[in-house]
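Enquirer: Pasting a predicted model and its sequence here:
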Amino acid sequence: MPIVMAPVNRELKIVKIIADDKVKKHLENLGVTVNGEITVLSSSGGTVVCKIKDGRIAFDGNLSTKIFVA
Amino acid sequence: MKRFALAGNPNCGKTTLFNSLTGSTAHVGNWPGVTVDKRDGVYKKLDEPVAIVDLPGIYSLSPYTPEEVIARNYILDEKPDCVINIVDATNLERNLYLSTQIMEIDVPMVIALNMMDAVEKAGDKIDEKELEKRLGVPVVKISALKETGLKELMERAFTESKKSRAGVTVLNDTALAHLIGDVKIALKGQNVENPLFHAIKLVENDSIEVEMHKETENMIDEFKKTFKDDVFGDDFEALIADRRYKYIAKNFDSVVSRKNKEKHAMTKSDKADRVLTHRIWGIPIFLLVLFGIFHLTFSEDLLFLGKIFSFPGLEDLGVDIEAFGGQLLACFYDGAVFSPGVIVNNLWNNIIVNYGLGFGEGGWLYNLIAESGMQSWAIGLINDGILAGLGSVLSFLPPILVLFLFFSILEDSGYMARIAFILDRAFRKFGLSGRAFMPMIMGFGCSVPAMINTRTLADEKERTATIRVIPFFSCGAKLPILTAIAGAIIAYFGVGNADLITYSMYLLGVVTAILTVLLMRNTTLKGETPPFIMELPAYHLPQFKNLMAHLWDKTKHFIKKAFTIILASTIVIWLLTHFSFSWQFLEEEEVNQSILAQLSMFVQPIFTPLGFGSQLGQFGWVFVVAAVAGLIAKENVIATFATLAACLVAVAHLDIGTLDIAAEEGVDAVQAMILATNITIPALISFIAFNMTTIPCFAAVGTAKAELQGGKRYGGTLIFWLATSYIVSCMVFTVGSWWWTAFIWAAAIAVVVTAIVVKNKKQNKAKA
């Protein structure tokens, strides 16, 4: 499911990222990689704050529909 | 001299370390991307001095934003003697991702494990000896903030810099190792430096790299055909990123021992974010904070206590306000408790500038010059030109610093990054990402660093649009114009409220910015808004040392400007107002024949639709002069007021009563000008609006030129500023004078909007 719909405070695994190369690369650099772990800290009206490794990263509503987790 | 480069993730403390090492006071903030250009300094505590280069923060060596390119190119092309890779120990895994890439370059490196104090405070431990063994490069624990471990770090870096180090990779056990090896050999054959690094970037399909080595493309494509990974297919870039993180997790997890085994423990920051980034409350809280800042800086009635309890004024209490003690008391209280900003302002102006420096009329320096027996024109030049101009500029130091202090606190605490996040949704509607908020808010301080900071924006068109609207976020130098004119409106016409006028003018600037961005993003600068991806740093208490460093920097900059460009322009303006075209020295009464008056009268009609043109009559040109002087530096506007008001009083035979033209803040000078020209309130507001939205100042124009790389975009920017300021002030003036003109404006705007919408629809159709 897209991360925007994911439950809060549960450890999830990223299965797919749909974004252009540049954005995808930037996400990878930030630790957002397929197979990587991700935890949603808060999710409101599309925007999502996630915990990735030990950092907190915010995504806008559009991007949060393109990161799929399981 | 040996050169050490500081490299690391954004917001990992590079600049703090740089400041600690070199004794500089470079700007540090608690959000990613404060440093956008490299910066040099010298470390002197080793046997020989060492040059330290602070690089912009990077997440990896495959750049995403322009400032990341700077860091990458520095390491590759300038070949520092040692790279000090700063690693945020509170987020080890993510930070080591960059380390694994720097390790691939043939350059000596040392890892500085920063923020160890925060790790230890949380009760966690990191075994740095084990980490060093596994990484194969020296690791030193430091705290850049507390300045611990710095000496050891520099000594080890110095030792390393004498050796050479060949690049190593963590990708040796992966399926791509073979391909990387082949490409490396091919590159080596061409005598490419750092073959391993370039080979890996080529396999990653890094765009900069592929441009440079087109010939390897075939080799990689051939390999791609034979390769298949279950998860990643032939997306090598994702595969490599994944393998790096896997390697890091496998090898370095064990060096960290956490006190709190619970993986989802909420940190204090997370709890604070629950409230501060709340979907509904986030924006109201932010607006409240912003209003609080303006209230604490400008209000003459702290928390509206005076209104609520109706305190008696000082004179009612029987205090002699002429005496020094009474004046001192009046700095803090007069019928209402003043806000801290106003108190500081009063203390500085009434006590220091007046008594201490003696700049104003009746001050010791002023009297000394007046009675010195010099030629009368020399006395005039010094007292009415230089001292009046400098005095009025200096009088604005306090509000600028107080406002700046509050913004520094917001930035240092980490709240600024949250504001960007909560505003992103709103910004998106105007075609910008929340990231653009940071340079914009920096614009409230000064447009120059704000424009440079737009380098954190990934999209070129978004960047151009942001640079163009930054001046609308009224900078510190424009504040004096606001306070002087707002003060004069209240004093002369007896209407309004100072912090309300100031607040609404700031708001006008912001609204103008929003509307023009919307316009540009739908016409000349069309494009998709880049996605918002941002790290939210942990909140921390603002560092006193840091705040003071910011303030000191700002003060230095301001004083330097006051005594150079502004001093020079006040002298020039004085000379131009006291000489005619035939180079005849003019008495004050003859100011209308001066070069400046003649020139300004010539262009005056242009400003008639704005309310400060021909309708002001004989002396209306003073506003034109002030506005034009403001194109050089906005501080000039008030300095010019002070100089010109003195001439006006003499020539127009004004009965100015108790007004003191040379008084600080220019309030009285503006009142004298109102008397002389009969300018209306809407025209005065329009004058503020013009100054706020027109070409900012020489320094900002120069910066915009450099950041936009000259050319068409830069020329367009200048025209954009002139057109916007003209239209906005014209609108302010006409609607303020004749309310029904609002309908005409509304109709005109509706026509423009419809035209754009229709045109865009057509274009979209044509594309489809």
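Expert: Cool, got the structure.
Enquirer: Run through the residues of chain A sitting next to chain B.
Expert: A:9, A:11, A:19, A:21-31, A:33-36, A:39, A:41-42, A:44-47, A:49, A:52-63 (CB under 8 Å from any CB of the partner chain). For the C-beta atoms, the positions are set from N, CA and C on the backbone; glycine is no exception.
Enquirer: Drop anything exposed from these.
Expert: With burial judged by 16 or more other CB atoms under 10 Å in any protein chain shown, the buried subset of the residues of chain A next to chain B is A:19, A:22-31, A:33-34, A:36, A:39, A:41-42, A:44, A:46-47, A:49, A:52-63.
Enquirer: how about the helices in chain A?
Expert: A:21-29 (DSSP state H).
Enquirer: likewise the stretch 151-300 of chain B?
Expert: B:177-189, B:195-203, B:207-212, B:217-226, B:236-252, B:268-276, B:282-298 (DSSP state H, counting those that start in this stretch).
Enquirer: Kindly export the first one (C-alpha atoms) in CSV.
Expert: C-alpha atoms of helix B:177-189 as CSV (Å, rounded to 0.1, in the frame of the first residue of the first chain):
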residue,chain,number,x,y,z
ALA,B,177,32.0,-6.4,-8.2
HIS,B,178,33.1,-7.9,-11.5
LEU,B,179,31.6,-5.1,-13.6
ILE,B,180,33.0,-2.4,-11.4
GLY,B,181,36.5,-4.1,-11.6
ASP,B,182,36.3,-4.1,-15.4
VAL,B,183,35.2,-0.5,-15.8
LYS,B,184,37.9,0.5,-13.3
ILE,B,185,40.6,-1.2,-15.4
ALA,B,186,39.3,0.5,-18.5
LEU,B,187,39.4,3.9,-16.8
LYS,B,188,42.9,3.2,-15.4
GLY,B,189,44.0,2.5,-19.0
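Enquirer: Looking at it now, give me its mean pLDDT.
Expert: For helix B:177-189, mean pLDDT rounds to 87.
Enquirer: How about stretch B:290-299?
Expert: For stretch B:290-299, mean pLDDT rounds to 80.
Enquirer: so how far is that stretch from its chain's centroid?
Expert: 19 Å (CA atoms, centre = their mean, to the nearest Å).
Enquirer: Over to stretch B:230-244?
Expert: On CA atoms, centre = their mean, the centre of stretch B:230-244 falls 39 Å from the chain's centre.
Enquirer: likewise stretch B:454-463?
Expert: The chain centroid and the centroid of stretch B:454-463 are separated by 15 Å under CA atoms, centre = their mean.
Enquirer: Tell me which of the helices of the stretch 151-300 of chain B lies nearest to B:Leu722.
Expert: helix B:282-298 (28.7 Å; CB to CB).
Enquirer: Average pLDDT for stretch B:238-254, rounded please.
Expert: 87.
Enquirer: For that stretch, list every residue counted as buried.
Expert: Quick answer for stretch B:238-254 (16+ other CB under 10 Å): B:238-248, B:252.
Enquirer: now these in TSV, with distance to B:Val753?
Expert: TSV is the format used below for the buried residues of stretch B:238-254 (distance: CB to CB, whole Å):
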residue	distance to B:Val753
B:Ala238	43
B:Leu239	48
B:Ile240	48
B:Ala241	44
B:Asp242	48
B:Arg243	52
B:Arg244	49
B:Tyr245	48
B:Lys246	53
B:Tyr247	55
B:Ile248	52
B:Phe252	56
